[in-house]
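# Any chance you could fold what I've pasted below:
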Amino acid sequence: MSTLSAADKLSALGVRDTEPDEFQQKKSQGLNAVPSSALEQQIIICNQELEPDPIPDLIEGFAPSQASTTLFARGGRHKTTLGMYAALCVAQGVPFLGEYGVQRGPVFWVDAEGMGRARFLQRLFELCRGMGIERPTGEKVFFFELGVRSLKDVATLEPLAAFVRKHGVVVTFLDSFTSAMRGGDSNSADDVSASMALVRELGTSIVIDHVRKDADENNPTAFGSVAKENLSRSSWAVSSQDGALILRHVK
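Numbering: from 1, shown residues only. So this is what the prediction gives:
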């Protein structure tokens, strides 16, 4: 029994394939290819556009909307706790650090560090009490344990991106970038650039990560390729001095 290809079935129905020969050739060779007509539809003529309204920060002066923010530090510098506090501020609609305004909305925490549901909830409720509330009472705080999965796997990333869109999540927290992107080369600019592009599928994000083991406490740099910072709209280093946390804006 013969099997018709998709092209043959279309032809039998009288549908003619109009893709350029060059595109068909590239596709048959397994190369990335997009018809020129599809690319042209994405090109705008700036002279004909109106000036858009300013894009407000998710967290004033700390994390812009529609972009990624990186937050990195050595182990034990409470970067996860700081991230969870920021998540609660957004969900509750209260100023970050008591001073910086937020866009209130649902938040999504993706745990790739193995913290687990019980420990996350325990720390979340402890933070609530520190903020003077008994439990999260504002917008929803979603939690997902990534486990052994990787966001480089489309079968994992696509459902999470769809979840973000469905529930109107205003920011996704990824803890941590290196653990979430298992299977990649953290020192490869190409690999890290591709991984940062995947993070953008989750909307506005705050990406928590580690630093190099030989990093200077007073001037730490994020682990792996510098592409991570280059492709973030905002980047913060967390260090400690005399028992106090220091947030340094490096980009």
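# low-confidence ranges in the chain?
Confidence mapping of the chain against pLDDT under 70 gives the ranges 1-35, 212-220, 223-224.
# now the helices for the stretch 101-250 of the chain?
117-130, 154-166, 177-180, 189-199, 227-230 (DSSP state H, counting those that start in this stretch).
# Show me what counts as buried in the longest one.
Judged by neighbour count (16 or more other Cβ atoms under 10 Å), helix 117-130 contains these buried residues: 120, 124, 127-128. (Each C-beta comes from the backbone N, C-alpha and C, glycine too.)
# now that helix: how far from the chain's centre is it?
23 Å (Cα atoms, centre = their mean, to the nearest Å).
# and what of the last one?
For helix 227-230, the distance from its own C-alpha centre to the chain's C-alpha centre is 13 Å (Cα atoms, centre = their mean).
# buried sites along that helix?
227-229.
# Pipe these into CSV and attach distance to Met196 per row.
Shown next, in CSV, are these (distance: Cβ to Cβ, whole Å):
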residue, distance to Met196
Ala227, 7
Lys228, 6
Glu229, 10
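# Nearest to Gly147 among those?
Nearest to Gly147 out of the buried residues of helix 227-230 is Lys228 (Cβ to Cβ; 22.8 Å).
# Now for that closest one: which residues touch it?
For Lys228, the contact set (Cβ atoms under 8 Å, 6 or more residues apart in numbering) comprises 70, 177, 192, 196, 207, 209, 222.
# who wins for most neighbours among these?
Phe177 (29 neighbours; other Cβ atoms under 10 Å).
# Report how many residues lie close to the residue lying closest to Arg123 once chain neighbours are set aside.
Of all residues not flanking Arg123 in the chain, Met84 sits nearest, at 6.2 Å (Cβ to Cβ, 6 or more residues apart in numbering). The tally of other residues near Met84 (other Cβ under 10 Å) stands at 23.
# Equivalent analysis for Asp57, please.
20.
# what about it, distance to Ser234?
Look at Asp57 and Ser234: by Cβ to Cβ, to the nearest Å, they are 9 Å apart.
# Equivalent analysis for Trp109, please.
19 Å.
# before we move on, what about Gly243?
26 Å.
# And the two? Which one has more around it.
Between Gly243 and Ser234, Ser234 has the larger neighbour count (other Cβ under 10 Å), namely 21 against 5.
# hang on, the earlier thing: mind giving me TSV with the buried residues of helix 117-130 and columns for distance to Glu139?
What follows is the buried residues of helix 117-130, written out as TSV (distance: Cβ to Cβ, whole Å):
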residue	distance to Glu139
Phe120	17
Leu124	14
Leu127	15
Cys128	14
